[in-house]
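[1] next comes the sequence, and after it the predicted model I'd like to discuss.
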Amino acid sequence: MMEPMLRVQDLRTYFFTDQGVVKAVDGVSFEVNEGETLGIVGESGCGKTVTSLSVLGLLPEPPAQIMAGSSVKFLGDEIIGADEGRMRNLRGNKISMIFQEPMSSLNPVYSVGDQIAEVLRVHRRMGRKEARDEAIRLLDEVGIPAPDRRVAEYPHQLSGGMRQRVMIAMALSCEPKLLIADEPTTALDVTIQAQILELLEELSLSHGMAVLLITHDLGVVAEVCDRVVVMYAGQVIETGTVNEIFTEPAHPYTRGLLASLPSVTNSGRRLNSISGTVPNPVDWPRGCRFRERCPEAGDGCEEEQALVTLESAGRSSRCCKTEAVNLTGAG
Amino acid sequence: MTRYIIRRLLSAIPLVLGIATIVFFAVNLAPGDPTLYFLSPGMTQDVIEQMRINFGLDQPVHVRYLRWLGAMLTGDFGHSISHSRPVLEVLVDFLPNTLILSACALFVAFLFGIIIGTIQAVRQYSIMDSAMSVVLLFFYSMPSFWLALMLILTLSLFARNVWDLPIWFPASGIVSVDYDFLTFGEKVRDRVMHLVLPTLSLALVLTAGIARYMRGSMLEVIRQDYVRTAKAKGLSEAVVVFKHALRNALIPVITLVGLYIPVLFSGTIFIETIFAWPGMGRTIYDAIFIRDYPLVMAGTFFFASMVVVANLIADVLYAVIDPRIRYE
Amino acid sequence: MSDGFLVARRRWRVVSAALPGLPQLLTGRWGTGWTVLLTWLGCLWVLTARYERVIGALGGAWDQSLALVTLVVSLIVAWTWSWRDVSGSDRPLGIGVSQWDLAARAFSKNHTAVAGLIVIIALYLVALLTPLLAPYDPAFQGNLITERYVGLSTVHPLGTDNYARDVLSRLLYGARISLAIGFVAVSISVTIGTLLGAVAGFMGGIVDGLIMRFVDIVISFPRLVLLITIIGLFGSSIFMIVAVLGLTLWPGTARIVRGEVLSLREREFIQAATVLGYSKRRIILRHLIPNALGPVIVAATLGIGNTIVLEAGLSFLGLGVQPPTPSWGTMVAVGRDDLLGAWWLSTFPGLAIVFTVLAFNLVGDGLRDALDPRLRT
C-alpha cells in the first residue's frame, strides 16, 4: 500500500491551565492520502481545531503541549519536534491553512496584495514586481473580479466571502501538497458557503492538492469529502468513506449527528438532537466518553473503548456495541 | 485622508480658544497684579496708579480679555515685565531648549517602552516578564523630581566624588563653563553629556508607562487570528512579531503621544529647575512668582496649545498606521 | 453538621482568640491573615512599647485622641473579624454570588495586588497612629551644632535634617498629609467626574457636547502648569491644594463614565427603566452609575497614587504644604541643598512616595483585572 501523505498517530495535545490539564486532543490517529479530501467532523469543543493546529505546530506553548509519543509524518518525515526552520519551510509552502474567520484572519494594516506577495517572496524568493503580478493572477484564479484593482485594497474593504477567497489565494500561492481548511465556510452566508466549497473542490482537483477539511457541518462533508473522521471528546470515534458514514453509521454518536440533520425527506417531523453537551475536557468521563449522552448505553460501556477496525480497510468505530447494533440494523 | 486631517484641524480651533480663555481668567482673577513686582517702599499711590494704567490694568476684565485675544491673533503676545522685552523674544530664547529636552525624552521613552513591552508580551509568563513588570511599576510610581535627584546623586555626585568612576554626567546647565574653548567634537560630546540626566529623569517614568501599555496591547494582538495566519504562512517569529503584530499593537499606543505630552511638559518644570536648564518650564515657574502676567499667559497658552498639536500629530499617525481610518 | 467539624471549629476559635489572623494564614488565606495578624501585633506593640504615650493621649490633642481611638478600634476589629471568620457563616458557595463577590474572589487570587492592599491598610494605620508611633515630635529641633545632618544611627534611624529634626518622625507625620490629601482630592474629583460623565452620556446632544468640550480643554493643560499657575497666583493653603487637585482630576473620570454610560444606555435594562417611566434622575443615579462604577473605582485608586505624586511635586516646588508641617515633597526639597553630604534627606521621603504610589498602582491594576469581566474565565 502506498504511504499516506500525512499520517497522524496517537496525537495528544494537552493544555496546562490553572483549572487543570485540558486534554483537548487525546490520542488521535488518521491519514490523508495524496489528492483526497478528508473531513474531520464533530461538535465544537471536540478537538478538531486543536488537531489541525497541532499538525502545523501553531499552538502557543505554553499553555499547549504536544505530549511525547505523538507522531505526525508528512511525506514520511516526522514533523513533531522538528526545528523551527523546517516547520517554517513547510508552513504556507508544502502545507497551508485557511481559518474559520475570514474577517479577522487577514492583517488589517496591510493590503491583500502585500499579504499574498509576502508568501511568495518568503518561500519562492520572488522579487517585488514578480510577486505582485503573481498575486494578481492568484486573485483572478480564486474568482475575484478586477484583481488588478483589488490587489491594493485592504481587508476591511472586502466582504467576508471575498476575504476567504483572498485567504485561499494566499494558501494556494506556493502550490501546497496539503491544504488544511478549518471551518472555512462557517462564518459565511449560505450562498457564499456553496461558492467557496465549490472553489475548494475545483482547486484541489486542478492542483492535485489534498484537503483536510474541518467542519461541524455534515452537509459540507457530504458535498466535498472522500473520507470522514468523526471526532468526539478529543478522540476519533469513527472513520469511513462518506458513503459508509452516511448510509451505515457505526457509532451511536454519528447516528445522532445524522439524525439531527434536517432533510427534505423527513420534513415536517421533529428534528432529533443529541441530549446534553460535550463533557468537560479537564475531566473526561471514564469508559466510553459518549456514554452519558448515548441512547444505547449499557453493559460494557464503563470500559475504556478501543477503536475497532471494521469489515473494510479504513473503516473503524470506537463502540463496543458496533457489531451487535450492526447486526440488528442489518436484520 | 486630507479631509480627515482638515476636520481634525477645524475641531482644534475651539479647543485652543477655550484654552486661551481659561488661561486669561485663571491669571487675571487671581489676587495681586504685576505692580507688586515693582513695588518699593516710598512709592506713592499716584505712581502705582500710573503704572496700572500703563499695564492696562485699569480697564474692566472683559475689555482686557478682548484686547488680549485680539493682540494674540495678530501674533502680539505683549511685553514681558520681568525680562523687559517682548514675550515672543523670551519664548524664542527658551522654547527650543525645552523642545530639545522633551523630544529626546519622548524619543527615548517610546523607543525603549515599545521594545520592552513587546519583548515582555512575546515572552509572557517568563521570569523576565514578571521581573520587568515589577521594575517598570517601580519606575512608573516614581515622582520625576525625586528620580532626577537620585540620578544626580548616583550618576553625577557619587560617581565622581565617592566611587571615582571614569564616566559621570554633569548635573547642571546645557553646556560646561568652558564650552566656548572646546573643539567641535568636544562641543557635541559636552552637549550630549548634559542632556543625559535630564532626559533620563523625564523619560524613565514615561518609558514604564508606555511599556506597560505596549505589553497589554501586544498581548491582545498576538492572540489575533491574523497573527496565526502570519505564522501559518511560514514567516519567522521576528517577522511575525515586528511586522505583523507590532504595527497593529502600536495603534492604541499612539494615544499615549497625546496623553503623555502634558505629563512631559509638567515634568520639565521640575527637571529644568533641578538641572538649571534654561527652558520654558522654569521660565513660566519663575514668571508666576513675579506676576509677569503676559509671560505666564503666553507660556501657559503655548504649552496647552502644544498639547493640542501633539494630539493632531497623534491623529495623523493613526491614519498613517491604520488604513481603516485612512479610507474612512 | 458533623462532630469533627465542630471540634475543628472550636480548635480554630482558640487559635483565633490567642492570635487573630493565624487561622486564616494557616488555611492559606494569607491576604486576610497577614492584614489581621499585622494589625493585631502592630497595635499590641504600640500599646506596650509606647505605654506612657498611650496614657498621655487620654485627653490630649485631637490627633492624639484620634490615634487612641484608632488603636482601640483596630484591636477590636482585628480580634472580632478573625473570631467571626473562624466561627464562620456557612453560606454555601454559588448562591447569591454577585458580580462584586466574583470580583473580590478574583482580586484575592492576585497576590501582588493583595500585598499592595496590605501596604495601603498599613499606611493608613500608621498615619492615624503617628502621634503614638513617631520617636520624636516632628518639629522638635535638636542641638543645631552637634545634631544637624546626623547620618543613620540607632538614635535617629533615618538621620536628621538641616534643623536637626528626626527624619523618621517627620516621614511618619508626612504620611498623614499625603494620604489625606490623596484621598480627599480624589473623592472630590470622582464625585464630580462621575456625575458630569453620567449626565453627558445619558443626555447626549448639546449637554454632552458642552461638557465634553470642556473636558477636552482641561485635559489639554499640562496639569502641573495649571496647578502652579493657580496656586502660585492665588496663594497656597491645604484647602487650596485639595480643591485645585480635586478640580483638575475629574475630566478623566468623566470621560470613562461617559463611555460606560453610552454603552449601558443601549442595554435592555436601562431601556426597560425608561419604558417604565422612571425619572431621568432616578435612572442616572440608581441604574446607570452603579453599573458604571467598576472602571471608576479603578481610576480612583490609580488617581490617588497620581495625586500623591502631584502633591509631593507642589510641595517640592514650595507651593504645597507650608513648613513646618512635614510633607514628603518638602522633605525631598530640603535634601537638595546638600545631596552629597546628607543623601538620606531626599532618599527616604522619596522612597516613601514611591512605595505608597506603588501600592496604590498594584491595587488599581488588580482591581482592573478583577472587575473586567472580559478577563474572567
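    All right, it came through fine. Numbers count the residues shown, from 1 in each chain, chains lettered A, B, ... in the order given.

[2] would you check that C:Trp81 makes contact with C:Val36?
    Yes: if you go by C-beta atoms under 8 Å, C:Trp81 and C:Val36 touch, sitting 5.8 Å apart. Any C-beta I mention is one placed from the backbone N, CA and C, and that applies to glycine too.

[3] and for those two, which residues touch both?
    Between them, C:Trp81 and C:Val36 have C:Pro20 as joint contacts when contacts are counted by C-beta atoms under 8 Å, 6 or more residues apart in numbering or on different chains.

[4] who's more crowded, these two?
    It is C:Val36, of C:Trp81 and C:Val36, that has more neighbours when counted by other C-beta atoms under 10 Å in any protein chain shown, with 25 against 19.

[5] mind checking pLDDT for that one?
    Note on C:Val36: pLDDT of 84.

[6] backbone dihedrals for A:Lys177, please?
    A:Lys177 adopts backbone torsions of phi -80, psi -30, taken as degrees, to the nearest 10.

[7] show me the contacts for it.
    Neighbours of A:Lys177 in contact, by C-beta under 8 Å, 6+ apart: A:5, A:34, A:75, A:94-95, A:209-210.

[8] one more time with 6 Å
    By C-beta atoms under 6 Å, 6 or more residues apart in numbering or on different chains, A:Lys177 lies in contact with A:Lys94.

[9] same thing with the one 4 residues further on?
    Taking C-beta under 6 Å, 6+ apart as the contact definition, A:Ala181 lies against A:98, A:213.

[10] looking at the sheet around it, what are its partners?
    Beta-bridge partners of A:Ala181, counted by DSSP bridges, are A:Ile98, A:Leu213.

[11] equivalent analysis for A:Val230, please.
    Beta-bridge partners for A:Val230, by DSSP bridges, are A:Val41, A:Glu238.

[12] correct me if wrong: it contacts A:Val41.
    Yes: if you go by C-beta atoms under 6 Å, A:Val230 and A:Val41 touch, sitting 5.2 Å apart.

[13] how close does A:Leu6 sit to A:Ile180?
    9 Å (C-beta to C-beta, to the nearest Å).

[14] okay, these two: which has more neighbours?
    More neighbours surround A:Ile180 than the other of A:Leu6 and A:Ile180, with 27 against 22 (other C-beta under 10 Å).

[15] tell me the spacing between the more buried one and chain B.
    According to C-beta to the nearest C-beta, to the nearest Å, A:Ile180 stands 9 Å off from chain B.

[16] hang on, that residue packs against A:Ala210?
    No: judged on C-beta under 6 Å, A:Ile180 makes no contact with A:Ala210 at a distance of 9.6 Å.

[17] and the end-to-end length of stretch C:14-29?
    From its first residue to its last, stretch C:14-29 covers 18 Å (C-alpha to C-alpha, to the nearest Å).

[18] only the buried residues of it, if you could.
    C:16, C:19-25, C:29 (16 or more other C-beta atoms under 10 Å in any protein chain shown).

[19] again with stretch A:214-233
    A:214-218, A:220-221, A:223-233.

[20] what sits against C:Val186?
    Applying C-beta under 6 Å, 6+ apart to C:Val186 gives the contacts C:300, C:303-304, C:307.

[21] phi, psi for it please.
    According to degrees, to the nearest 10, C:Val186 has phi -70, psi -40.

[22] show me what the host helix or strand of C:Arg11 is packed up against.
    Following DSSP states H and E, one finds C:Arg11 within helix C:3-18. Under the contact criterion of 3 or more C-beta pairs under 6 Å, 6 or more residues apart in numbering or on different chains; DSSP states H and E, helix C:3-18 touches helix C:22-26, helix C:62-87.

[23] residues touching that helix, excluding its own?
    Contact partners of helix C:3-18, identified using C-beta under 6 Å, 6+ apart, comprise C:22-23, C:82-83, C:86.

[24] what about 7 Å?
    C:22-23, C:82-83, C:86-87 (C-beta atoms under 7 Å, 6 or more residues apart in numbering or on different chains).

[25] stretch A:119-139 now?
    Residues outside stretch A:119-139 that contact it (C-beta under 7 Å, 6+ apart): A:92-93, A:113, A:116-117, A:147-148, A:150-151, A:169-170, A:172-174, B:233-235.

[26] how about the longest helix along chain B, does it get close to chain C?
    Ranked by residue count under DSSP state H, the longest helix found in chain B is helix B:184-222. No: using C-beta under 7 Å from any C-beta of the partner chain, helix B:184-222 never reaches chain C; the gap is at least 8.8 Å.

[27] dump the residue contacts of residue 258.
    The chain I'm using is chain A. If you count contacts by C-beta under 7 Å, 6+ apart, A:Leu258 has them with A:218, A:246, A:249.

[28] look at chain C instead
    By C-beta under 7 Å, 6+ apart, the contact list for C:Arg258 reads C:197, C:200-201, C:212.

[29] switch the cut-off to 8 Å
    Counting by C-beta under 8 Å, 6+ apart, C:Arg258 makes contact with C:197-198, C:200-201, C:208, C:212.

[30] repeat for C:Gly235
    By C-beta under 8 Å, 6+ apart, C:Gly235 lies in contact with B:Pro31.

[31] what values do phi and psi take at it?
    phi 90, psi 150.

[32] quickly note the distance from it to chain A.
    When C:Gly235 is compared with chain A (using C-beta to the nearest C-beta), they lie 52 Å apart.

[33] what do you get for C:Val298?
    Look at C:Val298 and chain A: by C-beta to the nearest C-beta, they are 23 Å apart.

[34] quick one, grab the pLDDT at that residue.
    Note for C:Val298: predicted pLDDT of 86.

[35] in a helix, it, correct?
    Yes: the assignment for C:Val298 by DSSP: H, G, I helix; E, B strand; the rest coil puts it in a helix.

[36] is it in contact with C:Gly364, as I believe?
    Yes: when contacts are counted by C-beta under 8 Å, C:Val298 is listed as touching C:Gly364 (5.6 Å).

[37] in helices, which of the contacts of C:Val186 appear?
    Assigned to helices by DSSP H, the following of these qualify: C:300, C:303-304, C:307.

[38] and the next element down the chain from the lowest-mean-pLDDT helix or strand in chain B?
    Every helix and strand of chain B was ranked by mean pLDDT, DSSP states H and E. The lowest is helix B:35-38, at a mean of 69. Toward the C-terminus, helix B:35-38 is succeeded by helix B:45-55 as the next helix or strand (DSSP H and E).

[39] and that following helix, what's its mean pLDDT?
    77.

[40] please find the angle between the direction vectors of the helix or strand just after that helix and helix B:45-55.
    Next along the chain after helix B:45-55, taking DSSP H and E as the criterion, comes helix B:61-73. Relative orientation of helix B:61-73 versus helix B:45-55 (axes from the mean of the first three to the mean of the last three C-alpha atoms, to 10 degrees): 50 degrees.
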